[in-house]
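> build me a model:
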Amino acid sequence: MKPPLYLARTRDPGALEHIMENLKNQLEQIGAEMSARRHLIPQQNRRKYDIEAKDYFENLSSAAEKNDISRFNDLAEYWQRRNLWLTTQPHCYLIPPSLVRKKGETKEQYMDRCYNIYWKEHQQ
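As a prediction, this is how the structure comes out:
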């Protein structure tokens, strides 16, 4: 994956369009990598991977649409670390998924949301 995109100060009027195009390209690349890397995930972790990948991709898309470069970069960097962890830890399916925390969401609400998804998955 390319290193995250950082916004440089510029007076170029076309810079914003260029940055938006780069965000779009980076988002497409991340989505393709999410799909391509799924086979590297241990079988028992794939459902968890799918849940987390979907949540991160939706939040990356939202950040790109809003041109929120710092949030996009933060999410992309965290996803890289999370993807590595999901790939290398064979028993990570035993804990709830790590979803993106919503703005204004308390710690308790966040934990409830993660655990609710976890329990729904394990009751099926």
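> pLDDT score for the closest residue to I41 other than its chain neighbours?
In space, and not counting its chain neighbours, I41 is closest to Y49: 4.6 Å by Cβ to Cβ, 6 or more residues apart in numbering. (Each C-beta comes from the backbone N, C-alpha and C, glycine too.) For Y49, the model assigns a pLDDT of 95.
> okay, helices next: where are they in the protein?
Counting by DSSP state H, the chain has helices at residues 15-37, 46-65, 69-88, 107-123.
> tell me which of the ones you listed is the most buried.
With neighbours taken as mean count of other Cβ atoms under 10 Å, the helices of the chain reach their highest mean count in helix 46-65, at a mean of 18.
> got the angle for that helix vs helix 15-37?
Counting by axes from the mean of the first three to the mean of the last three Cα atoms, to 10 degrees, helix 46-65 lies at 170 degrees to helix 15-37.
> any idea how far helix 46-65 is from the chain center?
Remark: helix 46-65 is offset 5 Å from the chain centroid, using Cα atoms, centre = their mean, to the nearest Å.
> for that helix, C-alpha coordinates in PDB please.
What follows is helix 46-65, C-alpha atoms only, in PDB (Å, rounded to 0.1, in the frame of the first residue of the first chain):
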ATOM      1  CA  ARG A  46     -12.600 -14.500   8.200                       C
ATOM      2  CA  ARG A  47     -16.000 -13.500   9.400                       C
ATOM      3  CA  LYS A  48     -14.400 -11.100  11.900                       C
ATOM      4  CA  TYR A  49     -12.200  -9.800   9.100                       C
ATOM      5  CA  ASP A  50     -15.200  -9.200   6.900                       C
ATOM      6  CA  ILE A  51     -17.000  -7.200   9.600                       C
ATOM      7  CA  GLU A  52     -14.000  -5.000  10.400                       C
ATOM      8  CA  ALA A  53     -13.000  -4.500   6.700                       C
ATOM      9  CA  LYS A  54     -16.600  -3.400   5.900                       C
ATOM     10  CA  ASP A  55     -16.700  -1.000   8.800                       C
ATOM     11  CA  TYR A  56     -13.300   0.500   8.000                       C
ATOM     12  CA  PHE A  57     -14.000   0.800   4.300                       C
ATOM     13  CA  GLU A  58     -17.300   2.600   4.900                       C
ATOM     14  CA  ASN A  59     -15.500   5.000   7.300                       C
ATOM     15  CA  LEU A  60     -12.600   5.500   4.800                       C
ATOM     16  CA  SER A  61     -15.200   6.300   2.100                       C
ATOM     17  CA  SER A  62     -16.900   8.800   4.300                       C
ATOM     18  CA  ALA A  63     -13.600  10.500   5.200                       C
ATOM     19  CA  ALA A  64     -12.700  10.700   1.500                       C
ATOM     20  CA  GLU A  65     -16.100  12.200   0.500                       C
END
